[in-house]
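> Next comes the sequence, and after it the predicted model I'd like to discuss.
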Amino acid sequence: MGHGPARELSSGPAKKKDIDPEDSRRLEEAFRKFEATDPQFKSSREDEKHQQTSKAWTARSVEIVEDLRAVGMAVVGAHQVLLDMGQDGAGVGIAPWIEEAGLKFDRLWFRLKGQQVIAEVNGTQLAQADNMDAVTYEWLEKATIEWLIHSATTKS
């Protein structure tokens with residue numbers, strides 16, 4: 001049996017709002033000072049940041065594969081080259097990819113490195129986005145075209 005008045009829960013998730021930039025800067029400064037005295041607090045914040053990044057990258061990876069499907073349809077329609085796409089891994093290690101269906105070219109991988117997204121084939125970086133939000137359909141299309149040109153010219 002509880003004590004005190006009954007509480008009603010809201011019927012939906014709270015809307016995320018951004019903190020005032022100046023207040024956010026002051027909070028971060030205070031937290032960093034506190035982290036210097038409390039390693040457990042610092043570790044907890046790092047774990048939470050990793051979890052948030054993992055969730056965001058997992059969701060963005062699904063969108064990347066969907067965009068790659070559209071790029072693949074454009075390539076097959078214009079140049080008769082069939083492309084497959086998918087993703088491997090989990091969390092921040094998840095990596096969307098695109099490949100030529102006949103496996104004539106090595107896969108183009110899209111990987112999260114820090115906050116940047118890197119498009120690479122066999123360790124050769126073909127494109128870089130500063131963050132997940134910079135990975136647009138146009139960026140993916142350009143990276144895919146660069147990969148196809150790179151693959152066709154290095155294999156010939």
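Okay, I see it. Numbering: from 1, shown residues only.

> hang on, isn't Ala119 packed against Arg107?
No. Taking contacts as Cβ atoms under 8 Å, Ala119 lies outside contact range of Arg107: 10.8 Å. To be clear about C-beta, it is placed using only N, CA and C from the backbone, and glycine gets the same treatment.

> who has more neighbours, the two?
Higher neighbour count among Ala119 and Arg107: Ala119, with 25 against 19, using other Cβ atoms under 10 Å.

> Who are the packing partners of the helix or strand harbouring the more buried one?
Per DSSP states H and E, Ala119 falls inside strand 116-121. Helices and strands touching strand 116-121, by 3 or more Cβ pairs under 8 Å, 6 or more residues apart in numbering; DSSP states H and E, are strand 108-113, strand 124-129, helix 137-155.

> nearest spatial neighbour of the residue nearest to the spatial centre of the chain, skipping sequence neighbours?
The centroid of the chain falls nearest to Trp57 when counting by Cα atoms, centre = their mean (3.4 Å). Closest residue to Trp57 apart from its sequence neighbours, by Cβ to Cβ, 6 or more residues apart in numbering: Leu112 at 5.1 Å.

> before we move on, what about Ala56?
Closest to Ala56 by Cβ to Cβ, 6+ apart is Met132, at 6.2 Å.

> Next, the contact list for the residue nearest to Val62 when sequence neighbours are not counted, please.
Nearest residue to Val62, sequence neighbours excluded (Cβ to Cβ, 6+ apart): Gln87, at 7.8 Å. By Cβ atoms under 8 Å, 6 or more residues apart in numbering, the contact set of Gln87 is Ser61, Val62, Ile64, Val65, Ile94, Ala95, Pro96, Trp97.
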